[in-house]
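Asks: missing the sequence, but the structure's below:
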């Protein structure tokens, strides 16, 4: 292999980057086309990866063995899931039903107020707006959103196949997670044994770098979105916005994809606030809540919790999300953030190789 690389002058970091890209593509295609098997396995790997440090910590400080720790952890996670389904899900469903009931009324009020605003802007700023019908565009956008939402909800709640698939996931994900956590070290060693001996140490170093980046980002981002959901829900509730907790939870957890939850939450809050409140000050306060919370995240929470030195820059994450989402849809979005950690490592290696090359360092004569 090395002789081939020397003969054709192919940079080893480029080979590693191409191999990693092919691996990520294989994972995405498996998730898209082998859903019933690949999806529970994927989520089980994610759960095992997230909780393995906790299992290792308990294992080294107590006489408990890893299989018993994995069993206790899975039982606790299942009970937690059942508790959330029993206690939190009915509240969320109730809020969603109330929102669906009041949504037509709120949209009608919003439409009336927006029509007055549209007429005012068109009349007083004809040079900027011309013959653009603002209200028509707003209604078209809302109708499109509602149509897509109804299709999604209809596909989830009316499809027997989707329901059965969800039941399979609820059974297999904890089961797979248990076995992966129990045999985590053996699985890792078995995978490393497949790597050629001459490349094994380098592969282990790269895995450590990716683990440091990914663990910092995922665990830190999970804490950040929980804080955002709490702050958004509290701030909007204090303003008296209808469905404040539902919007706050959506806005916070939606920021798993950077800025998406904040932007959509702000838009929904403004539409509902515009229809519900009778003064402009409340709308400005809604914008202020989102601006303050997002500002605190960027300037304090994210640097302190995630860390810029080992985490993924949000621009890099956003580019990865856009590219993978555009190419592969939902499963591309799901894989984009874990994939970004590896791309950061391998691209950095390729840049370092280029900077150390004779082509880069030689001077013009």
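Replies: Received, thanks. All values reported here derive from a predicted model rather than from experimental measurement.

Asks: would you indicate which residues of stretch 48-68 are buried?
Replies: 48, 49, 51, 52, 55, 59, 66 (16 or more other C-beta atoms under 10 Å). For every residue, glycine as well, the C-beta is placed using N, CA and C.

Asks: state the mean pLDDT of the host helix or strand of residue 252.
Replies: Assigned by DSSP states H and E, residue 252 belongs to helix 244-254. The pLDDT scores in helix 244-254 average 85.

Asks: so which bits of that helix are buried?
Replies: Per 16+ other C-beta under 10 Å, helix 244-254 contains these buried residues: 244, 245, 246, 247, 248, 249, 250, 251, 252, 254.

Asks: which neighbouring elements make contact with the helix or strand following that helix?
Replies: Counting by DSSP H and E, the next helix or strand C-terminal to helix 244-254 is helix 260-276. Using 3 or more C-beta pairs under 8 Å, 6 or more residues apart in numbering; DSSP states H and E, the elements in contact with helix 260-276 are helix 66-124, helix 197-238, helix 244-254, helix 280-296.

Asks: mean pLDDT lowest where, among those?
Replies: Mean pLDDT is lowest for helix 66-124 out of the helices and strands packed on helix 260-276, coming in at a mean of 71.

Asks: sorry, back to before: and the helix holding residue 252, how far out from the chain middle?
Replies: Relative to the chain's own centre, helix 244-254 is displaced by 14 Å; criterion: C-alpha atoms, centre = their mean, to the nearest Å.

Asks: what sits up against that helix?
Replies: 92, 95-96, 99, 225-237, 241, 260-262, 264-266, 268-269, 272, 290 (C-beta atoms under 8 Å, 6 or more residues apart in numbering).

Asks: tell me the angle that helix makes with helix 260-276.
Replies: 160 degrees (axes from the mean of the first three to the mean of the last three C-alpha atoms, to 10 degrees).

Asks: for residue 328, which non-adjacent residue is spatially closest?
Replies: Excluding the flanking residues, the one nearest residue 328 by C-beta to C-beta, 6 or more residues apart in numbering is residue 28, at 4.9 Å.

Asks: what's near enough to touch the one you found?
Replies: 324, 328, 331, 332, 335.

Asks: what's the average pLDDT for whichever strand or helix holds it?
Replies: Assigned by DSSP H and E, residue 28 belongs to helix 12-33. Helix 12-33 comes out with an average pLDDT of 85.

Asks: show me what secondary structure element comes after it.
Replies: Next element after helix 12-33 (DSSP H and E): helix 35-61.

Asks: packing partners for that next one?
Replies: Using 3+ C-beta pairs under 8 Å, 6+ apart, helix 35-61 sits against helix 12-33, helix 66-124, helix 160-182, helix 184-193, helix 197-238.

Asks: state the distance from residue 37 to residue 335.
Replies: From residue 37 across to residue 335, the span is 16 Å (C-beta to C-beta, to the nearest Å).

Asks: that older thread, selection in PyMOL covering whichever of the contacts of helix 244-254 are buried, please.
Replies: What follows is the PyMOL syntax selecting those of the contacts of helix 244-254 that are buried according to 16+ other C-beta under 10 Å:
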select buried, resi 95+99+225+228+229+231+232+233+235+236+241+261+262+264+265+266+268+269+272+290
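
Asks: from residue 220, how far off is the spatially most central residue of the chain?
Replies: For the chain, residue 256 is the residue whose C-alpha lies nearest the centre (C-alpha atoms, centre = their mean; 3.6 Å). Between residue 256 and residue 220 the distance is 12 Å, computed by C-beta to C-beta.

Asks: now do residue 29
Replies: Relative to residue 220, residue 29 is positioned 30 Å away (C-beta to C-beta).

Asks: who's more crowded, these two?
Replies: More crowded of residue 29 and residue 220, by other C-beta atoms under 10 Å: residue 220, with 20 against 13.

Asks: so the more buried one versus residue 30, what's the distance?
Replies: 28 Å.

Asks: over to residue 173?
Replies: 16 Å.

Asks: returning to what we had before: settle it for me: which of residue 37 and residue 335 has more neighbours?
Replies: residue 335 (19 against 12).

Asks: so what secondary structure elements neighbour the host helix or strand of that one?
Replies: Using DSSP H and E, residue 335 sits in helix 314-356. Judged by 3+ C-beta pairs under 8 Å, 6+ apart, the packing partners of helix 314-356 are helix 12-33, helix 197-238.
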